[in-house]
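# Quick one, fold the following:
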Amino acid sequence: MEKISTVRSVQSVPSSREKRKALIEKSAADMAIALEAKAVFTFGTVDSRSFVNLSIPVIDITQIKNVIEKLSNLDHENLSRIQNLAENVRNEADKNTSLILNAAAVEYILGRIDSGCVIGVISSPDTYSILVHNMEENENVKSICECEKRIKSETLQNVLNLSLDIAMKGREGKKIGTAFIIGDEEEVMSRSHQIILNPFRSQDSNFEININKKENRETVIGFAQLDGIFVLSGTGKILAAGRYLDVDTRDIEIDKGLGTRHLSCATITRDTNAVAVVISESGGTIRIYMDGKEIMFIEPSVSLIEIDGEKVD
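Residues are numbered from 1 along each chain as shown. As a prediction, this is how the structure comes out:
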């Protein structure tokens, strides 16, 4: 009798961890649909394929920070270590939540998502969580809305877009630090002076250089290498570059380690109704000042934005 050999196909059975992960991701996608969310933000080892049927932006912010390291070799008999570990996990969760809230605010300011509800999905080796956040309650968004009472939202969006471009890419590989003072331009011009010849002086009234026009981006980036700051109107017209602020910086408090550019820009917003966007040359961080106070801090990697169609990592 002929012996017939049979081969059984063995399918891999998903582990309990994989099942939990898949359930969380499906639940997040279902919640996004049910709540008519404006975007989904993911952090950690989240499978983007879980959200392919959504018609809203799905933004991975994992590159901002390293995923929580897997915890191992715990001494369960050591109560103090366990308590410290629990505190570290809570702090890490708080930090990851803050990352998502900050990323959501940046995407909103850039005009990539609308006001409303957003969903956050956080995955680490040992923990999964879903975050539901109402953008109207986002403190950064509230601050930016206050700015937009003084300057056009389009102007702030384009200044921030350009600032992220400068912070991430610089100019020909060289890091650049600069600042944009926006709005209340007559007062700002009266409280400052040129340290170089103003390249934007005597503009043709029919051909003003406006930051809201895409064709002016490279011109602005080129002049960003100069000493001094830019002065813009609230509608985006660039009035000056290479400007020095004549301000009394006493009684202004800013983070330690920041230089005179940040100090002067914070001061001019105290003394006028202008808004300042400052880019640090050393770290590439972006700070927004209004009424003499820092109202928003942005790390360049918080937003995985596209600049001129090119994705910035």
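# so where do the helices sit in the chain?
In the chain, the helices defined using DSSP state H lie at 16-34, 79-109, 139-147, 153-169, 185-190, 217-223, 260-271.
# Columns mean pLDDT on top of the ones you listed, output as TSV?
Below are the helices of the chain laid out as TSV (pLDDT from 0 to 100):
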stretch	mean pLDDT
helix 16-34	86
helix 79-109	65
helix 139-147	85
helix 153-169	88
helix 185-190	95
helix 217-223	88
helix 260-271	95
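# Using a markdown table, lay out those helices together with mean neighbour count.
Any C-beta I mention is one placed from the backbone N, CA and C, and that applies to glycine too. What follows is those, written out as a markdown table (neighbours: other CB atoms under 10 Å):
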| stretch | mean neighbour count |
| --- | --- |
| helix 16-34 | 15 |
| helix 79-109 | 16 |
| helix 139-147 | 17 |
| helix 153-169 | 21 |
| helix 185-190 | 16 |
| helix 217-223 | 16 |
| helix 260-271 | 21 |
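# nearest to I298, of the ones you listed?
Closest to I298 of those is helix 79-109 (CB to CB; 6.0 Å).
# so how many other residues sit close to the closest residue to S143 other than its chain neighbours?
The shortest distance from S143 to any non-neighbouring residue, by CB to CB, 6 or more residues apart in numbering, is to I295 (4.0 Å). The local packing of I295 (other CB atoms under 10 Å) involves 19 other residues.
# Pull the contacting residues for I295.
For I295, the contacting residues are N140, S143, I144, E146, C147, I288, Y289, by CB atoms under 8 Å, 6 or more residues apart in numbering.
# How about H193?
Residues counted as contacts of H193 (CB under 8 Å, 6+ apart) are R243, Y244, D246.
# can we see that at 10 Å?
H193 is in contact with G228, A240, R243, Y244, L245, D246, counting by CB atoms under 10 Å, 6 or more residues apart in numbering.
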